[in-house]
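What shape does this take:
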Amino acid sequence: MTKTIISSCITLALGVGFTSSAFAKVCNTKTVVTDKCTIFKNDPSLNRKINKFLGDMHSSCNKHDRAYNTLGADRGAADRRLQRDLRKDCLDNPLTMGACLPAVELAMAFVRKSGKELYLARQNEMLQHVQGVNSKMAADQCVATPEHQGYIDQALLDHIASKFKSIVSRPPTAYEKYEMLSRYNPSEGRQASAFNNAITSYAYNRRGINAPVITSISRYESVFPEVDYTWTPHILNSNYLQYDWSTSQTWGVQADKQLTINFGNQFDMRANVNGFLKVRRSVDERDVFFFNHRFTARGSCAPSPDQFCTILQPGP
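Now for the predicted structure:
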């Protein structure tokens with residue numbers, strides 16, 4: 001008779017129920033609509049015919065839509081990228097290349113004629129969303145970061161962060177980024193004097209305010225006396241803060257600025273812990289940071305110098 005192998009742990013790690021004290025929820029993100037290759041604004045039937053012919057080009061056109069919806073994105077760069085992508089799509093299909101390339105030029109003529117109007121419309125929609133998020137964050141109704149929300153051009157974020165840091169001598173918090181982004185004018189761009197004067201004025205008003213800035217969150221594994229995972233934030237100006245964790249994980253315990261999670265699993269498992277940490281000293285001194293960690297969570301019975309399992313093999 002085949003022997004039955006039963007594995008049990010000498011030390012079985014038990015998770016401690018964790019309920020976050022976070023009162024904040026995540027701000028809603030803006031849904032960006034992509035509509036394939038829309039060339040003729042008032043002729044849906046002709047658009048459908050062209051999209052049927054240009055089936056392989058949908059991803060290129062949708063990428064262009066997403067660029068137009070990215071606050072601060074360079075319109076000229078987006079249009080040039082679209083033209084390169086569409087031409088490449090044509091060349092990738094020799095059977096239709098002869099008819100495809102003229103269709104690309106037709107599409108680009110439409111973009112050159114009507115692109116500015118469409119670009120500014122999408123940019124202003126995103127700006128309104130950013131301004132709405134800024135108002136909700138100021139009222140503590142939700143939390144967000146531009147990086148987590150997406151559809152904010154990195155060059156625009158780098159621009160305001162560099163200008164802010166040159167005056168305040170520290171990076172801006174997520175709250176400060178939204179305050180500055182809300183002053184952006186899509187029709188003028190990030191080099192506009194009015195926008196830069198607004199950033200400068202705001203930054204000077206923030207001088208001397210030692211707001212905490214969460215720069216990263218690290219995860220550490222310990223295997224003695226049992227397997228624990230601890231998340232530790234790295235923060236500038238970290239004295240006298242309140243720590244508010246919110247995670248997708250239902251097991252864990254919060255101790256001051258650290259979050260420790262014990263999965264209570266016997267064997268190795270794939271884990272994904274995501275959420276955010278909000279820190280606060282006062283209404284003018286607060287920051288939020290989103291994290292998403294995927295890793296293998298070691299089981300308490302996994303091979304380890306510090307953990308032992310017994311293998312029970314009953315006789316026949």
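
tell me the SS of the residue nearest the centre of the chain?
The chain has His148 as the residue nearest its centroid, 2.5 Å off, counting by Cα atoms, centre = their mean. Assigned state for His148: helix (three-state reduction, DSSP: H, G, I helix; E, B strand; the rest coil).

Can you tell me how far the closest residue to Asn237 other than its chain neighbours is from Met269?
Closest residue in space to Asn237, ignoring its immediate chain neighbours: Asn210 at 4.3 Å, by Cβ to Cβ, 6 or more residues apart in numbering. For glycine as for every other residue, the C-beta is placed from the backbone atoms N, C-alpha and C. Taking Cβ to Cβ, to the nearest Å as the criterion, Asn210 is separated from Met269 by 41 Å.

The residue nearest to Asn237 is in contact with Asp287, isn't it?
No: using Cβ atoms under 8 Å as the test, Asn210 is too far from Asp287 to be in contact (11.6 Å).

neighbour-wise, which of those two wins?
For Asn210 against Asp287, the residue with the higher neighbour count under other Cβ atoms under 10 Å is Asp287, and the figures read 28 against 15.

for that one, what are its contacts?
Listed by Cβ atoms under 8 Å, 6 or more residues apart in numbering, the contact partners of Asp287 are Thr173, Ala174, Tyr175, Ala211, Pro212, Val213, Ile214, Ile235, Lys278, Val279.

any idea which of those residues has the most stuff around it?
Comparing these by number of neighbours (other Cβ under 10 Å), Thr173 comes first, having 26 neighbours.

residue contacts, that one?
Thr173 makes contact with Ala211, Pro212, Val213, Arg286, Asp287, Val288, according to Cβ under 8 Å, 6+ apart.

switch to 6 Å and redo it
Contact criterion Cβ atoms under 6 Å, 6 or more residues apart in numbering gives Ala211, Val213, Asp287 as the residues in contact with Thr173.

List the beta-bridge partners for the second one.
Here Val213 sits in beta bridges with Leu236, as judged by DSSP bridges.

pretty sure Arg190 contacts His159?
Yes: taking contact to mean Cβ atoms under 6 Å, the distance of 5.1 Å between Arg190 and His159 places them in contact.

With pLDDT and distance to Asp92 added, can I get the contacts of Thr173 in a markdown table?
Listed next are those as a markdown table, based on pLDDT from 0 to 100; distance: Cβ to Cβ, whole Å:
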| residue | pLDDT | distance to Asp92 |
| --- | --- | --- |
| Ala211 | 98 | 50 |
| Val213 | 98 | 46 |
| Asp287 | 98 | 46 |
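
Tell me where the stretch 1-150 of the chain has strands.
6-9, 25-26, 142-143 (DSSP state E, counting those that start in this stretch).

pLDDT score for Thr247?
We have a pLDDT of 88 for Thr247.

is it in a bridge, and if so with what?
In beta-bridge terms (that is, DSSP bridges), Thr247 pairs with Gly275.

For Leu91, see how far away the residue nearest to the centre of the chain is.
For His148, the distance to Leu91 equals 37 Å [Cβ to Cβ].

cool, Lys257 as well?
Lys257 is 55 Å from Leu91, where distance means Cβ to Cβ.

Of those two, which one has the most company?
For the pair Lys257 and Leu91, the greater number of neighbours falls to Lys257 (16 against 11), based on other Cβ under 10 Å.

so which helix or strand takes in the residue lying closest to that one once chain neighbours are set aside?
Distance criterion Cβ to Cβ, 6+ apart; nearest residue to Lys257, sequence neighbours excluded, is Tyr243 at 4.9 Å. With the criterion set as DSSP states H and E, the secondary-structure element containing Tyr243 is strand 242-247.

Pull out the CA atoms of that strand and give them to me as CSV.
Listed in CSV are the C-alpha atoms of strand 242-247, where the atom choice follows Å, rounded to 0.1, in the frame of the first residue of the first chain:
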residue,chain,number,x,y,z
GLN,A,242,0.5,60.0,12.3
TYR,A,243,0.7,56.9,10.1
ASP,A,244,-2.4,55.6,8.2
TRP,A,245,-2.0,52.4,6.3
SER,A,246,-4.5,51.0,3.9
THR,A,247,-3.8,47.7,2.2
